[in-house]
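Novice: Pasting the sequence and the predicted coordinates here, then a few questions.
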Amino acid sequence: MKIKIATVNEIPEIECLYQELFIEMSTLQPKYIKPAKQDVTFIRNTINHKDSDIIIAAIDNQTVGFLLIQETTTPSYSCIVEHQYAFIVDIIVGSHYQNQGIGSALLSEAKKWAKNRQLDYVELNVLSGNIGAIALYEKQGFQDMSHIMRLELA
């Protein structure tokens, strides 16, 4: 397995993995998330922007997983301590390649990415029903910091 920063050449494979990610998310929360295609411009802009990257995992020159990471700053509220941090927007390992250490390798590379930029921490969001991902993140040292709660009115 090879872990590296994506180039525009990997966009078609990233697109396919995004479709798989959106299907998985729509299965976990079908009322709020639907299968979709990711906008190619979004992927290209992420690859080309200085404050973000897509880290890919490749086996035999095929992209089998990726992690989209971006540098960001905490909101400027008077009660919030300002931090520069890395936010993992998306992470997916193709279904045929899960449970082989690829997710762990991507997360380890994300930690290095953040440390190289001298950021304070790495943050991500995960759907509450995604038990496998939550277990992976906890194994990697991530801790639960907040909860989003929703009250449906209809």
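Specialist: Perfect, thanks for sending it.

Novice: Hmm, Phe87 and Thr72 touching each other?
Specialist: Yes - at 5.1 Å, Thr72 counts as touching Phe87 under the criterion of CB atoms under 8 Å. C-beta: built from backbone N, CA, C; applies to glycine.

Novice: Number of residues surrounding Ile47?
Specialist: Number of residues near Ile47 (other CB atoms under 10 Å) recorded here: 19.

Novice: Could you measure from it over to Val122?
Specialist: To Val122, Ile47 is 19 Å away according to CB to CB, to the nearest Å.

Novice: Likewise for Glu152?
Specialist: Taken as CB to CB, the span from Glu152 to Val122 is 32 Å.

Novice: Looking at those two, which is more packed in?
Specialist: Using other CB under 10 Å as the criterion, Glu152 and Val122 rank with Val122 on top: 20 against 5.

Novice: can you tell me which residues contact that one?
Specialist: Going by CB atoms under 8 Å, 6 or more residues apart in numbering, Val122 touches Ile69, Tyr85, Ala86, Phe87, Ile88, Ala110, Lys111, Ala114, Phe142.

Novice: List the beta-bridge partners for it.
Specialist: On the basis of DSSP bridges, Val122 is bridged to Ala86.

Novice: And the pLDDT at it?
Specialist: With respect to pLDDT, Val122 scores 98.

Novice: How about Ala154?
Specialist: Predicted confidence (pLDDT) for Ala154: 84.

Novice: Report how many residues lie close to it.
Specialist: By the criterion of other CB under 10 Å, Ala154 has 2 neighbours.

Novice: how close does it get to Ser128?
Specialist: In terms of CB to CB, Ala154 sits 21 Å off from Ser128.

Novice: Repeat that for Gln143.
Specialist: The spacing between Gln143 and Ser128, counted by CB to CB, is 15 Å.

Novice: quick check, Pro75 in a strand?
Specialist: No - assessed with DSSP: H, G, I helix; E, B strand; the rest coil, Pro75 is coil; it does not lie in a strand.

Novice: ok, how many other residues are close to it?
Specialist: For Pro75, the neighbour count with other CB under 10 Å is 7.
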